[in-house]
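>>> Got a predicted model here, sequence first, then my questions.
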Amino acid sequence: MTTEQLPETDPATSSPERFDPTDAVATLTASEHYLRYVWAAQLSKGKRVLDAGCGTGYGSQILRSAGAERIVAIDIAADAFRGDKDSVEFAVADIRELPYADGEFDIVVCFEVIEHVERRDQVIAEFARVLRAGGLLLVSSPNRDAYPAGNPHHVYEYLPEELEAEVGARFARSVLYRQDAWLASTIAVRNAGDPLDPTRARELSVHQLQHARDEHEPYAIVVATDGQLPEMSERVMLGNAFELQWWHDRQARLETEHARFETEQARLEAEHTRLEAEHARTRALAAHEIAQSREQARQSARALIGIEADRAKELERLREAERELIELRAAHHEAHQTIQAMQRTRIWRLGSIYWRGRDRLLRRRSG
Amino acid sequence: MLSRGNLADGSMATLSEPLGSDFRACFVGASGQNVFFEELSHALRAALERQGVKTEVAVDHFPPSADDLVYVFVPHEYLPLTLPAGHPSDVQLQRTVVLATEQPGTPWFEESASVAARAGATVDIHMLGLDELRRRGIPARFLPLGYVPEWDAWGGSDRERPIDVTFLGGYTERRGLALARCASVLSNYRTSLRLVETWRPHTADAPFFLSGEAKFRHLASSKVVLSAHREAYAYLEWQRALGATANGCVVLTEHSSGFAPLIPGEHFVSVAYASLPWALAGLLEDDVYLARIRSSAYDFIRSQMPLSESIAVLVEAIDEVGKQPVAAERRRAAPSVPAPKPLTPPVPEWERLQAEPLESRVISATMKRLVLAQRRLERRLAEMAVPVDGEAVGVQEYGPKSELAARITVALTVFNYAGDVGNAIRSVGLAAGDDTELVVVDDASTDESAEVVERVLVKEVPWLRATLLRCARNAGLPAARNLAIERGSGEYIFVLDADNLVYPHAFSRLREALDGDPGAAFAYGLLERFDAQGPVDLMSWIPWQPDRFKYGNYIDAMAMIRRTAFLSVGGYATDERIYGWEDFALWCAFAQADMEGVQVPEIVGRYRAGASSMISLTNIDTTDAWAYLIERFPFLRDQSDQRL
């Protein structure tokens, strides 16, 4: 397998977060999903099994192949199921209201579904109802403490103990299994050859280099019953071979990219700082100019107002002078009238003849 | 301050005995008189009462003579507003003190002077009027107005003055021009420009007319009051100046006469008419100087010219008139009853049109029909010349994409205005906030208009959110405006023509008005009319009075309209009979539906003067247009003027 062929899927964005084995051929996610069903399948032989929240139905098929007498697969979405409807009975149903009679099933399997719904206590009650006395319930949930946070499709993720307590409360006996992911190495004569069948077990002895990370497993599975708890073997599902070169290349690529982003970011930050400085300088300049022109406006207005005030006083004096002038003219006119009237009197005329004669006489004498 | 206040307010009462009088002073006024005179008589009566002189009021009549009764009245404010039955007899006039308030050279002064010549005594509040009366041989007294405690809503505190500039007065072209010249300065400040029409007196009950206590509070909230005279030469309007000064509002006036004892530059600011904008610009940036004038003027009028002292002149006049023996009066035909003269309202435009000679109307109506027909033909021809294939309207968007829906849509229509439309868009760019979008409709211009719009949007105002709709066929202004409005999403619509401009504060002030008055259908501000030489006049200055539409439109299209209101009356009418009057029809539709317009007392835009071809087309003959309006808006024909 070359690096390019390694599929990469992101369950959080592939809506509606349904595991589809054709999308994720042998990823970790695929290993985890297949393993749960393969592990459960050790119980299904000759049993009536309900696969609640079956999705595409790959798990129902595994349970069926393991020899279930009857397998009923339900899902809330009508278009989800893509399995063989002859060997699996598919129905659209809500796990909170199962359309089945009391005690109709020997086993109910509900993997990675319960965290998606509200009213989970009702779901568990429904499972208990459709199980025969002594029937088995297998429920899984992501572990809130270990599973990457922020999955928008998850309504409520359990802590393992919490899931056990909630499911166990309805049954006489229960046991908690923890599902974890490991880095593993295998030795074999031949690694390839046989056609691949994930349900077929290979005989391997598993050795452990590290302790299990107690309470940090990403998944919890609770098996509960009112009868006897079954003996269940531990299982390992090997997915992709760990491609060292691929990871190495990928990391190198990311590192280069990261370095490029960092350079670009530094450049943008520098540019931003420069622009901000320039902006601040422009603003300061503008503010300075505005302040200056305001000051100028103030100064020139004060000067203008001063000059205009003098002008107002001047105008007022001018008007007063005009009024005085008019009064003087009136007085002058009046005086003129009086003089004219005086000059028209007989005494004035006689007097003026006398004065004129006298003047003439005096001039002659002096001359 | 307090001790001086006591001295000013009640010096006579506290420091010496009140003057007192054996006579009652009866202030005779007309019910229709200007509220301005009511204010004056109120102040004088209060001052007289403080001096122990009893006063009373008579409206629209002279009460019967009595030995202890002396009348006081303002002739030119009383006689024209009352019927002869309410006028004083010669005997009553002998027992009357005439209050002269007018400026020589006006018909009002002449009326006042002719009555004063026959009256018992006369007091004049102006030195110049006094001189003229004396010159004519009328023995008048000088009653300088002064500080009136009733006018002081301020009290000398350090209160905020949220209004930068106030103008209160009757509109004349001269005042309109003065304000228009100040428009660009004013656009940087908060203003309250309240103009009223002068063809009728303003009584106290008009909602838009500030008087009394409200006016004084307004002045106490204003920094500067701007004053321009009705006519070129005038003397200081003392009542106005004192009202402002008593409230710490600095008076900026053009040069006037008779201002002594006030000192220009110290107690008020006096500049030439042409210098008003420069002085205003400087003053508004000079809080220190304003504060100095404010306090020195206030202190001066309180300490040096309280009315409580000068009122002695009126007391003296009353005593003199009262002491003369009452002449035996000839019996009057009728007892003294109020006789107000009913106002003859002007003739509404619709009635005036109907009274016009039929022939001239027929000729102009025919002419208009011909022009309209020609227009239709031209449009048809143009349509045929331009093959229209595909989209009838091309759409292009500019500026930042925003997830935020615009609150204000500016609807700008263009038809062959390549020379001006760029300026219009630049002005919108400066006025627009983040919540403003511009929708330009190019109504199939045949010049470069659309290219200019595009260039300005891309190069000069890239921050402005804008859409350009290019019509393949010319649809006409109202249809183009409706299209722009339909395209925009703003809750408020501002209508702009391509040759006009907005001031940067336009949208925010109008939006504020609509936000503050959820019942208002639209808000409009004053507009500066301008031409190539600069400011010319004001427009849209008349406050909202629905019945005023009977005499014609007084609000330009440049207004901010609430979209819901706009849609509820069906938008702009596209009927060709009212081409150019679409805005008029829209306002009428609001008025008919009892919706309100709200006036913002600030100059928010610039309107380019010069007859638009469309308006002049409608104005060839307005009968058609009026018939259209009357038919749809019956209130235009109502007899009552209740909403005026």
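Now that the structure is in, tell me what you want to look at.
>>> Show me the shaky parts of the stretch 51-200 of chain A.
Along the stretch 51-200 of chain A, segments meeting pLDDT under 70 span A:190-195.
>>> Give me the phi and psi angles of the nearest residue to A:A220 once chain neighbours are set aside.
Spatial nearest neighbour of A:A220, excluding adjacent residues (CB to CB, 6 or more residues apart in numbering or on different chains): A:P160 at 3.5 Å. For every residue, glycine as well, the C-beta is placed using N, CA and C. Main-chain dihedrals, A:P160, degrees, to the nearest 10: phi -50, psi -50.
>>> What is the burial count for whatever residue of the stretch 201-350 of chain A ends up closest to chain B?
In the stretch 201-350 of chain A, no residue comes nearer to chain B than A:A301, which is 1.7 Å away by CB to the nearest CB. For A:A301, the neighbour count with other CB atoms under 10 Å in any protein chain shown is 24.
>>> I'd say it and B:G282 touch.
Yes - A:A301 is within contact range of B:G282, at 1.7 Å (criterion: CB atoms under 8 Å).
>>> Mind giving me the packing neighbours of the helix or strand harbouring the residue of the stretch 201-350 of chain A closest to chain B?
Assigned by DSSP states H and E, A:A301 belongs to helix A:244-343. Contact here means 3 or more CB pairs under 8 Å, 6 or more residues apart in numbering or on different chains; DSSP states H and E; on that basis helix A:244-343 packs against strand B:269-271, helix B:276-284.
>>> Do you know the pLDDT at the nearest residue to B:L69 once chain neighbours are set aside?
Computed as CB to CB, 6+ apart, the closest residue to B:L69 that is not its neighbour in sequence is B:R24, at 5.4 Å. pLDDT for B:R24: 93.
>>> Next, the residue of the stretch 501-644 of chain B found nearest chain A: phi, psi?
In the stretch 501-644 of chain B, no residue comes nearer to chain A than B:P504, which is 14.4 Å away by CB to the nearest CB. Main-chain dihedrals, B:P504, degrees, to the nearest 10: phi -60, psi -20.
>>> number of nearby residues for it?
There are 15 residues near B:P504, going by other CB under 10 Å.
>>> How about the contacts made by it?
By CB atoms under 8 Å, 6 or more residues apart in numbering or on different chains, the contact list for B:P504 reads B:S187, B:S427, B:L430, B:A431.
>>> Likewise for B:L242?
B:L145, B:G146, B:Y147, B:V148, B:W151, B:I301.
>>> what helix or strand does it sit in?
Going by DSSP H and E, B:L242 is in helix B:238-245.
>>> Give the pairing partners of the helix or strand just after that helix; include direction for each.
Scanning forward in sequence from helix B:238-245 by DSSP H and E, the next helix or strand is strand B:250-254. With DSSP bridges as the test, strand B:250-254 is paired with strand B:222-227 (parallel), strand B:269-271 (parallel).
>>> Would you reformat those strands as CSV and include distance to B:R361 and mean pLDDT?
Below are the strands paired with strand B:250-254 laid out as CSV (distance: least, CB to CB, whole Å; pLDDT from 0 to 100):
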stretch, distance to B:R361, mean pLDDT
strand B:222-227, 44, 96
strand B:269-271, 50, 95
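>>> Could you report the neighbour count for the residue of the stretch 101-250 of chain A found nearest chain B?
Nearest residue of the stretch 101-250 of chain A to chain B: A:P152, at 21.7 Å (CB to the nearest CB). If you count neighbours by other CB under 10 Å, A:P152 ends up with 9.
>>> how much space between it and B:F590?
A:P152 sits 51 Å away from B:F590, going by CB to CB, to the nearest Å.
>>> And B:L284, by the same measure?
Counting by CB to CB, the gap from B:L284 to B:F590 is 35 Å.
>>> Also A:R358?
Counting by CB to CB, the gap from A:R358 to B:F590 is 97 Å.
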